[in-house]
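Engineer: Turn this into a structure:
(chains A and B)
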Amino acid sequence: MEFKDYYKIMGVKRDATQDEIKRAYRKLARKYHPDVSKEADAEARFKEVGEAYEVLKDPEKRAAYDQLGANWKAGQEFHPPPDWNTGFEFSGGGFTGGDASAFSDFFETLFGREFTGGGGRGPAYHARGEDHHARILIDLEDAYHGANRTITLQVPELDAHGRLHTRQRTLKVHIPKGVKQGQRIRLAGQGAPGMGKGPAGDLYLEVAFKPHPFYRIEGRDLYIELPLAPWEAALGAKVKVPTPGGVVDLKIPPNSKAGRKLRLKGRGIPNKPAGDLYVVLQIVLPPADSEQAKALYHQMERELAFNPRAELGV
Amino acid sequence: MRNEMLPILTGVLLDEENTVTLSELCRACAVHAEWIMELVDEGVLEPLSPGPGQWQFPAVSLQRALTIRHLQQDLGVNLAGAALVMELMDEIHSLRTRLRIVEHEC
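Structural biologist: Sure thing, here's the model as predicted:
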């Protein structure tokens, strides 16, 4: 298990006041909030900051953590000293509604589960299980055709001794045709089990797309960049374009400029209405790497009255 | 082999055509109905039908309600602030989308 330097994570000194810690947390929480942040590792950072704050904002946990000493380095192999927390009386629980199941092994070892809320209920208590939320990554082709995919979720749960561990849960899920980024699939009864005779909660899967090598996905519309030879763009041509449904022929109008967008109606992700496929034209120059190619460029230079900078007045 | 034996689960896709009820929203966000009603009062969520008794919401409401819930819990933003954040995020999202398209045209 790696030692975690909560002060370093929060960017505060070891003697920081509770107010300074609170301010540091607010700032970092805004920066890395997964619903707001565009940082790639926002979610991991947000959890890390939340865990650090959980310890440092609570004078009891902070004092216990400080007792480990200042000589530990983040990432160092760590085993808590025996009886390390003797002499501390934790009142336990109720400090945040934070998702304690996401905290690290380091946190679990030091503070255990009793600090993370979740009081016991009477034996005759019946309640519907919680709804769970998870994010799944799918391929564009899955949304285009519909597909059955096997997904693996990490489910935090308590064992018979009340210790937290994560269990891998494998599900086979039908990805409906026409799904788009950010939409959710609700699987009834696949959330947390109910208490007593209560029914299980639902599982919500938020759909996100894996990056595609050549399509960009905007809602149900797709964008593809199509390279053209200069003569195809200048004279017009019929060229082949890949679409998720198969290769199609596309007519390029004469005198097409780079950046021109041609719309293939209904060739995006299917639905009512289906998305469109936008073909964005790119013009690729043949390299002047042979005598013959050079001669052709020279011939154009001589015979075409062409000033690409005419609009700049030079 | 084990995976082959798993049953295929078919869920409900919460798309533009689908709706969620007030109680489904409450359960999915782990909140009381009063909280959802505050979002309606604030104009953040718009029910499709008139009275709270049979309120139906467009399925996209779930995403909005969850995001606001997270903003409130994690950042201590109040409801009006969260509503403002949502509007600004919508705007940023549409600007980013346009930016990506424009950048690829250059």
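Engineer: Angles on the backbone of residue 20, please.
Structural biologist: Looking at chain A here, since you left the chain open. phi -60, psi -40 (degrees, to the nearest 10).
Engineer: that's the other chain; I wanted chain B
Structural biologist: Backbone torsions for B:V20, taken as degrees, to the nearest 10, come to phi -120, psi 150.
Engineer: In this structure it contacts B:L14, no?
Structural biologist: Yes: contact criterion C-beta atoms under 8 Å: B:V20 and B:L14 qualify, at 6.7 Å. From N, CA and C alone the C-beta is placed, and that goes for glycine too.
Engineer: what is in contact with these two at once?
Structural biologist: Here B:V20 and B:L14 have B:59, B:62 as joint contacts, going by C-beta atoms under 8 Å, 6 or more residues apart in numbering or on different chains.
Engineer: And the helices in chain B, which stretches?
Structural biologist: B:2-5, B:22-29, B:33-41, B:61-75, B:79-105 (DSSP state H).
Engineer: no, scratch that, I was asking about chain A
Structural biologist: According to DSSP H, the helices that chain A contains are A:6-10, A:18-32, A:42-56, A:59-66, A:105-111, A:140-145, A:230-235, A:291-303.
Engineer: Buried residues, the fifth one. List them.
Structural biologist: When you say that, I think you mean helix A:105-111. In terms of neighbour count (16 or more other C-beta atoms under 10 Å in any protein chain shown), helix A:105-111 has its buried residues at A:106-108, A:110-111.
Engineer: CA atoms only: put that helix into PDB for me.
Structural biologist: The C-alpha trace of helix A:105-111 is given here as PDB (Å, rounded to 0.1, in the frame of the first residue of the first chain):
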ATOM      1  CA  ASP A 105      -6.900   1.400   0.600                       C
ATOM      2  CA  PHE A 106      -4.700   3.800   2.500                       C
ATOM      3  CA  PHE A 107      -7.700   5.600   3.800                       C
ATOM      4  CA  GLU A 108      -9.500   2.400   4.600                       C
ATOM      5  CA  THR A 109      -6.600   1.000   6.500                       C
ATOM      6  CA  LEU A 110      -6.200   4.100   8.600                       C
ATOM      7  CA  PHE A 111      -9.800   5.000   9.300                       C
END
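Engineer: Closest to chain B out of the buried residues of helix A:105-111?
Structural biologist: Nearest to chain B out of the buried residues of helix A:105-111 is A:F107 (C-beta to the nearest C-beta; 17.5 Å).
Engineer: which non-adjacent residue is nearest the closest one?
Structural biologist: A:E51 (5.4 Å; C-beta to C-beta, 6 or more residues apart in numbering or on different chains).
Engineer: coming back round to it: same list, the helices of chain A, but as JSON lines with mean pLDDT please.
Structural biologist: Output for the helices of chain A, formatted as JSON lines (pLDDT from 0 to 100):
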{"stretch": "helix A:6-10", "mean pLDDT": "92"}
{"stretch": "helix A:18-32", "mean pLDDT": "89"}
{"stretch": "helix A:42-56", "mean pLDDT": "88"}
{"stretch": "helix A:59-66", "mean pLDDT": "83"}
{"stretch": "helix A:105-111", "mean pLDDT": "75"}
{"stretch": "helix A:140-145", "mean pLDDT": "92"}
{"stretch": "helix A:230-235", "mean pLDDT": "96"}
{"stretch": "helix A:291-303", "mean pLDDT": "95"}
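Engineer: ok, the residue at minimal distance from the centre of chain B - contacts?
Structural biologist: Taking C-alpha atoms, centre = their mean, the centroid of chain B lies closest to B:Q63, which sits 2.1 Å from it. Applying C-beta under 8 Å, 6+ apart, we find B:Q63 in contact with A:182, A:184.
Engineer: With A:S37 instead?
Structural biologist: Residues near A:S37 by C-beta under 8 Å, 6+ apart: A:31, A:46.
Engineer: show me what contacts B:R27?
Structural biologist: By C-beta under 8 Å, 6+ apart, the residues touching B:R27 are A:128, A:131, A:201-202.
Engineer: switch to 6 Å and redo it
Structural biologist: Contacts of B:R27 were listed using C-beta atoms under 6 Å, 6 or more residues apart in numbering or on different chains, and they are A:D131.
Engineer: picking that back up, tally up the residues packed near the residue nearest to A:F107, please.
Structural biologist: Neighbour count of A:E51, defined by other C-beta atoms under 10 Å in any protein chain shown: 22.
Engineer: right, and it touches A:F103 too?
Structural biologist: Yes: under the criterion of C-beta atoms under 6 Å, A:E51 makes contact with A:F103 at 4.7 Å.
Engineer: I'd guessed A:K177 sits against A:Y144; true?
Structural biologist: No: at 7.2 Å, A:K177 does not count as touching A:Y144 under the criterion of C-beta under 6 Å.
Engineer: How much space separates A:G194 from B:G11?
Structural biologist: 19 Å (C-beta to C-beta, to the nearest Å).
Engineer: and residue 58, how many neighbours?
Structural biologist: Went with chain A since none was named. Neighbour number of A:D58 under other C-beta under 10 Å is 20.
Engineer: My question was about chain B, not that one.
Structural biologist: Count around B:P58 with other C-beta under 10 Å applied: 18.
Engineer: try A:K257
Structural biologist: The number of residues near A:K257, taken as other C-beta under 10 Å, comes to 9.
Engineer: For the closest residue to A:V241 other than its chain neighbours, which residues count as its bridge partners?
Structural biologist: Among residues not flanking A:V241 along the chain, A:L250 sits closest, at 4.6 Å (C-beta to C-beta, 6+ apart). Per DSSP bridges, the residues bridged to A:L250 are A:V239.
Engineer: burial of A:L250, as a residue count?
Structural biologist: 17.
Engineer: Report pLDDT for it.
Structural biologist: For A:L250, the model assigns a pLDDT of 95.
Engineer: May I ask you to confirm that it is in contact with A:T243?
Structural biologist: No: using C-beta under 6 Å, A:L250 makes no contact with A:T243, being 9.5 Å away.
Engineer: Quick one: residues contacting residue 49.
Structural biologist: By default, I'm working from chain A. A:L28.
Engineer: You answered for a different chain; I wanted chain B.
Structural biologist: So B:S49 contacts B:Q56 (C-beta under 6 Å, 6+ apart).
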